[in-house]
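Asks: Dropping the sequence and predicted coords here.
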Amino acid sequence: MDDEDRRGRVRSFVLGGLVGASAALATAARRRELVRRRQQRAEAPAGLAAFEDAPCFRELMEDEQRTRREP
């Protein structure tokens, strides 16, 4: 009876360790992805700043300035 009980505890310990290790690996992968997304977000301007950097907006502003200069 002791032998079976010990095997059951060892099996439970091993399975728990595997589940815990896989959870730790999944969390680490998720954190790496989150850090990568935050870095990408920090590199690119957001909101109106992103629009003002667009070539079409710059072209529009240049056209508008030209029309103001020409009466």
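Replies: Cool, the structure landed.

Asks: Identify the residues contacting residue 57.
Replies: Contacts for residue 57 (CB atoms under 8 Å, 6 or more residues apart in numbering) come out as residue 51. To be clear about C-beta, it is placed using only N, CA and C from the backbone, and glycine gets the same treatment.

Asks: and the gap between it and residue 69?
Replies: Counting by CB to CB, to the nearest Å, the gap between residue 57 and residue 69 amounts to 19 Å.

Asks: With residue 36 instead?
Replies: For residue 36, the distance to residue 69 - CB to CB - is 46 Å.

Asks: Between these two, which is the more surrounded one?
Replies: The residue with more neighbours, out of residue 36 and residue 69, is residue 36; 10 against 7, by other CB atoms under 10 Å.

Asks: The more buried one: which element?
Replies: helix 2-43 (DSSP states H and E).

Asks: to the chain's geometric centre, what's the distance from that helix?
Replies: Centre-to-centre, helix 2-43 and its host chain are 19 Å apart (CA atoms, centre = their mean, to the nearest Å).

Asks: after that helix comes which helix or strand?
Replies: helix 48-52.

Asks: Can you give me the buried ones in that following helix?
Replies: By neighbour count on 16 or more other CB atoms under 10 Å, the buried set for helix 48-52 is empty.

Asks: Quick one: residues in contact with that helix.
Replies: 44, 57.

Asks: let's see it at 6 Å
Replies: Outside helix 48-52, the residues that touch it by CB atoms under 6 Å, 6 or more residues apart in numbering are residue 57.

Asks: For the nearest residue to residue 53 once chain neighbours are set aside, grab the count of nearby residues.
Replies: Nearest non-adjacent residue to residue 53, counting by CB to CB, 6 or more residues apart in numbering: residue 45, 6.0 Å away. Residues near residue 45, counting by other CB under 10 Å, number 12.

Asks: Report pLDDT for residue 45.
Replies: For residue 45, the model assigns a pLDDT of 73.

Asks: Could you do residue 49 as well?
Replies: Looking at residue 49, the pLDDT reads 77.

Asks: do the same with the one 4 residues further on
Replies: With respect to pLDDT, residue 53 has a value of 79.

Asks: Good, wrapping up.
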